[in-house]
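K.L.:
would you be able to build a 3D model of this:
(2 chains)
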There are 2 protein chains.
Amino acid sequence: MPTQEYRELCRLVREASTLGSVSSLLGWDQETYLPPKGVAARAEQQGLLAGITHERKTHPRVGELLAACEGEVGRVIEPGSPEAANIREMRRDYDLATKLPKDLVEEWATTTSKASEEWKHAREKSDFKRFAPWLGKVMDLARRKAACYGVPAGGEAYDALLNEYEPGITAREIERVFTPLKARLSDLIARVRASKAKVGTKVLSAKAPPDAQQGLGEFVLGAMGFDLQAGRLDTTTHPFCSGIAPGDTRLTTRYKGEKFTDALYGTMHEMGHGLYEQGLPKDGPHAGTPLAEAVSLGIHESQSRMWENFVGRGRPFWKWALPHVKKRLGPHAAALRKASVDDLFRAANTCTPSFIRVEADEGTYNLHVMIRFGIERGLMSGGLSVKDVPGAWNEAYRSSLGLKVPDDRRGCLQDVHWSFGLIGYFPTYTLGNLYAAQFWEAINKKIKDLPARLSKGDFAPLKKWLVTNIHAHGRRYRAAELCEKVTGRPLSADPLMRHLESRLGEVYGL
Amino acid sequence: MPTQEYRELCRLVREASTLGSVSSLLGWDQETYLPPKGVAARAEQQGLLAGITHERKTHPRVGELLAACEGEVGRVIEPGSPEAANIREMRRDYDLATKLPKDLVEEWATTTSKASEEWKHAREKSDFKRFAPWLGKVMDLARRKAACYGVPAGGEAYDALLNEYEPGITAREIERVFTPLKARLSDLIARVRASKAKVGTKVLSAKAPPDAQQGLGEFVLGAMGFDLQAGRLDTTTHPFCSGIAPGDTRLTTRYKGEKFTDALYGTMHEMGHGLYEQGLPKDGPHAGTPLAEAVSLGIHESQSRMWENFVGRGRPFWKWALPHVKKRLGPHAAALRKASVDDLFRAANTCTPSFIRVEADEGTYNLHVMIRFGIERGLMSGGLSVKDVPGAWNEAYRSSLGLKVPDDRRGCLQDVHWSFGLIGYFPTYTLGNLYAAQFWEAINKKIKDLPARLSKGDFAPLKKWLVTNIHAHGRRYRAAELCEKVTGRPLSADPLMRHLESRLGEVYGL
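P.N.:
From the prediction side, this is the model:
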C-alpha cells in the first residue's frame, strides 16, 4: 500500500525525470537538426537544465522522504514488493547524486570536456603522448570519484565505477565469466583461421541511396514491432537510441557504409534498445521512477545485440528478409540480385580479427572488450601506468587477436570513452552479449518453433517474451537477479560460446 | 555604468529566457518531428518548464533588484541609456508576469485548451452554436485579465490586452490609423473591381516536388542573407518562425499550395521574421534580456511583410528571381517556362475579395483584420454579444468586401485566435503592414538605387538597413517611438496606401 510519503517521493523523482527527458530531447536535436551556430546556446540550455535537475535530485526533501519510506518497508510497504524495490533504487540514485562534492563534479565536467577535445586531435595524429597527460588527469578524477562513492568491502576501486553502469556487479564477478570466455573464444577463432572455407562479403556491397535504405529500415522496424507512431528513425554521424519520454523513442542510423548491412544492422541494433525503451512501463503508476527505467547498460545492450546478432545474423531472418531487401535495394546492388539465403547468412557471419572494435565481427568483438577491461582495471589499481598503455594494448592485440597494431589511432586511441571519463563502461558491451545469449537459450526453450516463426517474419512472440520477462520489470530486479529469474542460472560464458561455436561452425565448416 | 544589482538582475532574467528557449525548441519539435504518441509527455514537459520559468520570472528577488535598479536611474544609470530602457522593459515583463493571480492563469490554460479543441470541431461542422459558449468563457476571462493588468486612464479594457502584443498602443490610436485606411482601401478595391484589366494566376501553377521547392526556398533564403548555419527550413502544417536561441532560428513552410508562390512567399514571410531574430543582439552584453528581444508583434510582422510583399511581389524581385525559379521549377510547370517578368509581377498582385484572411491578397487583407478588430473590441466593451458575432461578421464582409459569407466555417469560425484567448492580437497584422510601408519609404529615400540592386539580387543594403535601424535596438524603443525615430513621422495610413495604389494601379491600369 503506497503511503503518502512514497507518493510524494515518486512525484519529486518523476519531475526530475521529466527534466531529464527535456535534456534528452536537446541532446537528440543537437545530433540531428541543430544549426551549427546554435551549439553554444545549446550548451547554455543544457548547463542550466542540468543544474536545476541536480538541485531537484539532491533536494533534502528527497532525502527525508527516502528515510521515511525506508522506515516503512517491512511495516506498511511489503519487502520484495515493487514499491520496496523502487525505494531501493531511488536510494541508489539519490546516493550517487549526492555523494560527489560539487567541486569534483565541476572539475570532472571541465576536464573531460577538454580531454575529449584533446583526444580528437591525438587520435587524428595518432599521437598518444598528446593524450597521455589527459588520460592521467581523468584517471586521477576517476579514483577520487570511486573514493567518494565508496569501495565495497573486499572489492576494488574499479567496482565503485562499474556500479554506475552495471549496478551491483564487481570486477571479480566479471573476471569469473570473462576468463573462460576468452580461452574458448581464442580457441574458436584459431579454428576459424585454420579453416579452408571461403566466406566473402561481396553480396553485401550496395550503393543504395539513403531514401531506399531508410525505407528498408522503417519496413524492418515496423515488422519487428517497433512503434513508429511512438518513435522515429533519423540519420546521425554516430548511431544511437534515445528513449526520450513515454511515446517518444528515437533511433538514428547512418547510410555511409560500404555494405548495406552496416546501416541495416545498425538500425536493428538501435531498435533493440528502442524496443526496450518502448517496453518499459513508462505510462503506468510508476511513470518517471526507477520502476519505469532500464536495469543496466549490460541488460540494455543485451536487447540491442539480440536483435542485431541473434535474430539479424541468423538464417531464419534472411529467409524472411531477403525478398524484401532485394525488392528495395536490388536495383542498386548487382551482387545482391542473384544472392541466396545461404550467401547472405554466410556473408553476415564472417570472422576476421581486426583493429577497430566497432567494426569487429560477432566472434572477435568480445576480445576487444576484454582487452580494454584489463587495461582500465590495471590503470585504476595502479598496476599499469598511463605511459605504458600503448605497449600493453599492442601486446594484448598480438596475443589475443594475432595482430600487429600499426599505430595508436588504430590502437589505444580508437575509442572516445576514456576521454569522457567512462571508466567501467566497456565491460557492459560483452555483458550485453552474454546476457543476450543466455536469454536467447531461454527463449528458444520456451518458444519451440521460434526459428520457423522468424523465417515467416513473425517476430511478435519474441517481442512479447522480451516485454514480459525483461522490459516490464523496469529496475525491479538487479541484472544478476533478473538473469537468474529468467534463465534459472547465474550469468555464464557457456550460452554465448554455444551460440558462436554453432554459428561459426556452420559457416566455416568446423 | 551597470551596477551590481543591474548585473544580477540581467543574470536572473537571462536564465528565465534560456528556459524559455528550451520551451521554444520543444514547441518547434512538436510541430516538426515529435512522434504522435509523444504528445502527452510533451505537454508534461512543457507544463513543468512553464512552472519553473514562471517561478523564476516572478521571484521576489527580481522585484527587489528591479526596485533597486529603478532607484539608480538618474543617479548611476543614465536616463535614456540602453540600461535604463532595459530596466523599463524588465519592469514591464515582471508586472505582466506577476499581475495575474495563479487561479486565473490556471483557468485560462484549461479553458483555452478546451476552447481550441471545441473550435476545431465547430469550424469543421460550421457550427457556431457549439463554439459560442466557449467564446463567452474566453471573453469573460479576457475581461478579468484586463482588470488584473489594469486599464490605462482614459482607455478601455481592450487596451490592457493590446498591450500584451503591442506594448503601449491603444485602441483609439489604432482607430486613428485604421479609419482613413479603410476608406481609402475600399475606394481602391472598388476601382480594381471596376477595371477591365485581365490579371490571372495561371503562370503560378506548378506541381513541383517538395525537394525542388525546398531547394528554391533555401536558395532564396541564402541570397537574401538568412544564415542557414544559424537556422533551418522545415515543413509543417502551419508555417511559422521560431527564434529559439542565439544561432538557432528555425523557419517552417508547406508545399501543398496550388501555386508555387504559396510556399515561396510563405518562406519569405517567415524569413522576414527570421532575419529579425538573427539581427537581434542576442550574443551581446544584453543577451537574454529585453534589449535582445523584438519590440512587438507589429514590428515583427513589418519585417515578414516587407520581405514577402514589398520585396517579394515587386518587379525588381522577379527580374532577379525568374531565371532561378524557371531553372528549379520549370521542369514541373509548363506555364512558368514561357512566362515573363511582367507575367509574374501581375500574377503575384491580383486583387480579389475573398473569405479567408490567410489566403487574402495584399490589397484586401487589411479589411479582414479591421473587421476582426471591430468585433473583438465590441465584445470586450460589451457593445456586441457573443450570439451576435456571426451576424456582425457577415454584415461587415458584405459592406467591406462585397461578399455574402456562405457559412461560419468561411466566416467567423475561420481563425484559431479567439479560442486561444488571443484578443488584441489581430490588429498587429495590419500594424505590421503599416510599419512595413512606412519603413519601406524611408529605406527607398536612403538607398536611392534599391530597385536596381534588388533586380540584381543584391539584398545586402536592405538587410543592413533593417539590422542597423530596427533589429539592433531590440526593445530599446517602443514601436511608436522607433517608427518616429526611423521615419521621422508617427504611424500613418499614407505610406501603405501610396504603396498599394501604385502597385495595383500599375497591375490594373487604374
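K.L.:
that's a strand at residue A:249, yeah?
P.N.:
Yes: looking at residue A:249 with DSSP: H, G, I helix; E, B strand; the rest coil, it is inside a strand.
K.L.:
in the sheet, who's paired with it?
P.N.:
Counting by DSSP bridges, residue A:249 is bridged to residue A:231, residue A:243.
K.L.:
now for it: which residues touch it?
P.N.:
Neighbouring residues of residue A:249 by Cβ atoms under 8 Å, 6 or more residues apart in numbering or on different chains: A:230-231, A:241-243, A:274, A:277-278, B:35. (Each C-beta comes from the backbone N, C-alpha and C, glycine too.)
K.L.:
does anything pack onto the longest helix along chain A? Which helices or strands?
P.N.:
Determined from DSSP state H, the single longest helix within chain A is helix A:4-32. Secondary-structure packing of helix A:4-32 (3 or more Cβ pairs under 8 Å, 6 or more residues apart in numbering or on different chains; DSSP states H and E): helix A:39-57, helix A:60-72, helix A:82-99, strand A:241-245, strand A:248-253, helix B:4-32, helix B:39-57.
K.L.:
hmm, residue A:201 is touching residue A:347, no?
P.N.:
Yes: counting by Cβ atoms under 8 Å, residue A:347 is a contact partner of residue A:201 at 4.7 Å.
K.L.:
which one of those two has more residues nearby?
P.N.:
residue A:347 (23 against 16; other Cβ atoms under 10 Å in any protein chain shown).
K.L.:
could you check how far that one is from residue B:101?
P.N.:
According to Cβ to Cβ, to the nearest Å, residue A:347 and residue B:101 sit 69 Å apart.
K.L.:
go on, residue A:463?
P.N.:
For residue A:463, the distance to residue B:101 (Cβ to Cβ) stands at 50 Å.
K.L.:
list the contacts of the spatially closest residue to residue A:333 that is not a sequence neighbour.
P.N.:
Closest residue to residue A:333 apart from its sequence neighbours, by Cβ to Cβ, 6 or more residues apart in numbering or on different chains: residue A:206 at 3.6 Å. Shown in contact with residue A:206 (Cβ under 8 Å, 6+ apart): A:259-260, A:329, A:332-333, A:336.
K.L.:
same check on residue A:476?
P.N.:
Applying Cβ under 8 Å, 6+ apart to residue A:476 gives the contacts A:82, A:85-86, A:291.
K.L.:
repeat for residue A:408
P.N.:
A:122-123, A:126-128, A:390, A:393.
K.L.:
please name the nearest non-neighbouring residue to it.
P.N.:
Closest residue in space to residue A:408, ignoring its immediate chain neighbours: residue A:128 at 4.5 Å, by Cβ to Cβ, 6+ apart.
K.L.:
how about residue A:97?
P.N.:
Residue nearest to residue A:97 in three dimensions, not counting chain neighbours: residue A:57, with 4.5 Å by Cβ to Cβ, 6+ apart.
K.L.:
now swap in residue A:275 and tell me
P.N.:
Excluding the flanking residues, the one nearest residue A:275 by Cβ to Cβ, 6+ apart is residue A:226, at 5.9 Å.
K.L.:
how about stretch A:245-259: buried residues?
P.N.:
If you call a residue buried by 16 or more other Cβ atoms under 10 Å in any protein chain shown, then stretch A:245-259 has these buried ones: A:245-255, A:257, A:259.
K.L.:
and for stretch A:325-335?
P.N.:
In stretch A:325-335, counting by 16+ other Cβ under 10 Å, buried: A:325, A:328-330, A:332-333.
K.L.:
what's the most distant pair in the residues you listed?
P.N.:
Largest separation among those by Cβ to Cβ: A:325 and A:332, giving 11.0 Å.
K.L.:
go through stretch A:473-490 and flag the buried ones.
P.N.:
For stretch A:473-490, burial by neighbour count (16+ other Cβ under 10 Å) applies to A:473-480, A:482-483, A:486-487.
K.L.:
now the residue positioned nearest the centre of chain A: closest residue in space that isn't a chain neighbour?
P.N.:
Central residue of chain A (Cα atoms, centre = their mean): residue A:301, 3.7 Å from the mean position. By the measure of Cβ to Cβ, 6+ apart, the closest residue to residue A:301 outside its immediate chain neighbours is residue A:432, 2.5 Å from it.
K.L.:
ditto for residue A:372
P.N.:
Closest residue in space to residue A:372, ignoring its immediate chain neighbours: residue A:426 at 4.2 Å, by Cβ to Cβ, 6+ apart.
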